[in-house]
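Sequence plus the predicted model coming up.
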Amino acid sequence: MVRESLQRHENAMDATVRAWPVALLYGAQFLAIGLSMPLLPVWLAARGLGAEAIGQVLAAQGLARVLGQPLLARLADAGGRGGEDNDARLRRVMFLAAMLASMAALWLAGMAQGFTALLLGVALTFFFFSPLIPLTEVVAVRTGERLGIAYGRFRLWGSLTFTIGALLAGLLMDALPSGLLIWAVVLAMLATAASVLLQQVAKSAPQDALEDAASEASGKAGVGEERSDETNGLKKILTPWFILFLAVSGLVQASHAMLYGFSALHWQKLGHTGLTIGLLVTAGVLAEILLFWFSGQLLQRLGAGRLLMLGAAAAALRWLGMAFDPPLLVLFLLQLLHAFSFGAAHLGAITFIRTRTPARLAATAQAVHSSVSMGLFMMVAMWASGQLYEAHGAHAWLAMSIMAAVAVPLAAWLRRMVPAQA
């Protein structure tokens, strides 16, 4: 009895030790995102860009995701031909991407002048930074399956550091000239590179999960498969239901474009302090953390399809409320809907991919999903948000509400197409 208890305790400790590098990697990446999301538009405005130009620069982030994620995933796979260890190869590519993102951010902060240079600097930074997230998602899912840890328990560490980044961003907006805010983002990018480097030296990293992610990164089961197999893999992924799934997830996630691109600027114009803005962002992410903590129970009760529907409906309601500049208390309540508009939709999407795609194609499916939903859809929505906000102010959120509302019946249709696992 005592021996069994000690063994269970030892196994739990071992799982914790093997899981912490993944949590740390999430934490560093989302600290950078939590800082860049509110600070980058404010910094761009301080550099003389108007709302329309800011929308175009932020849309370049989406284009960078569309191009960067599949190319870097292919590099992670192709680099290992000739017998190179899959684990080492994946971490080497991730470190290279993180370092190049840091260098691009340094150039953006220190040397970029004028609209074209600023757009190029933002695009290069996120071209190299964005592939880190889908690769980490795959590592987290596979590690969780092996260690018996729900995906949400990994992902909540990213949400937690995002919260810290958002709060810090609010304090920095009050304390520093707007022209210096970009340096906080640069430091966070360097921290991300350091966290990836730590993966290379941490003996406790879950090697089998990393190997799976590396071998799946371009949608192939083995190193020596032919390119025709890659094409067949993509054909297996791009089924009618998966294309519909991309549309649902893309509409919901891209409906956040006004929030990501212009909420900090708009709330500043309404007279809210940087600390208040940071607290508004924090309220949403804390609600998201709570959802991820109970992710296992939610998935058992609702399933991936219902979570997608819930996320779409919550987003439609949230943006409808924000379109009319509600009082601060109501604004905080609307921010709590982030748990569903982002958290539930994201959890549903990750689970949908895990349960409806072959294991060897999981990373390819995740990269395609991220490139389309947070890349292509977000790029178009961010560009449109700049145009709409320039012309209509807060009423631009009505367009976001319509996007999310369209996703509700599409998500219901998706559930009917794939009822078994949805």
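Happy to help now that I have it.

where along the stretch 1-150 of the chain do the helices fall?
Assigned by DSSP state H, counting those that start in this stretch, the helices in the stretch 1-150 of the chain fall at 2-46, 51-78, 86-110, 114-129, 132-147.

Quick one: closest of the ones you listed to residue 331.
Closest to residue 331 of the helices of the stretch 1-150 of the chain is helix 2-46 (C-beta to C-beta; 14.8 Å). Every C-beta, even on glycine, is put in place using the N, C-alpha and C of the backbone.

same question for that closest one, mean pLDDT?
What helix 2-46 shows for mean pLDDT is 72.

Can you name the helix or strand that the residue nearest to residue 98 when sequence neighbours are not counted falls in?
Among residues not flanking residue 98 along the chain, residue 193 sits closest, at 3.8 Å (C-beta to C-beta, 6 or more residues apart in numbering). Applying DSSP states H and E as the criterion places residue 193 in helix 182-201.

Kindly export that helix (C-alpha atoms) in CSV.
Presented in CSV, the C-alpha positions along helix 182-201 are these (Å, rounded to 0.1, in the frame of the first residue of the first chain):
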residue,chain,number,x,y,z
ILE,A,182,8.7,48.4,-28.6
TRP,A,183,11.8,47.5,-26.5
ALA,A,184,9.6,45.5,-24.1
VAL,A,185,8.5,43.4,-27.0
VAL,A,186,12.2,43.0,-28.1
LEU,A,187,13.1,41.7,-24.6
ALA,A,188,10.2,39.3,-24.6
MET,A,189,11.4,37.9,-28.0
LEU,A,190,14.8,37.4,-26.6
ALA,A,191,13.3,35.5,-23.6
THR,A,192,11.5,33.3,-26.1
ALA,A,193,14.8,32.4,-27.8
ALA,A,194,16.2,31.6,-24.3
SER,A,195,13.3,29.3,-23.5
VAL,A,196,13.8,27.4,-26.8
LEU,A,197,17.6,27.2,-26.1
LEU,A,198,16.7,25.7,-22.7
GLN,A,199,14.8,23.0,-24.5
GLN,A,200,18.0,21.9,-26.1
VAL,A,201,19.9,21.5,-22.9
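
Let me know the angle separating that helix from helix 86-110.
Here helix 182-201 runs at an angle of 170 degrees relative to helix 86-110 (axes from the mean of the first three to the mean of the last three C-alpha atoms, to 10 degrees).

who touches helix 182-201?
Residues from elsewhere that reach helix 182-201, judged by C-beta atoms under 8 Å, 6 or more residues apart in numbering: 21, 24-25, 27-29, 31-32, 35-36, 39-40, 43, 88, 91-92, 94-95, 98-99, 101-102, 105-106, 108-109, 125, 129, 132, 165, 168-169, 172, 205, 210.
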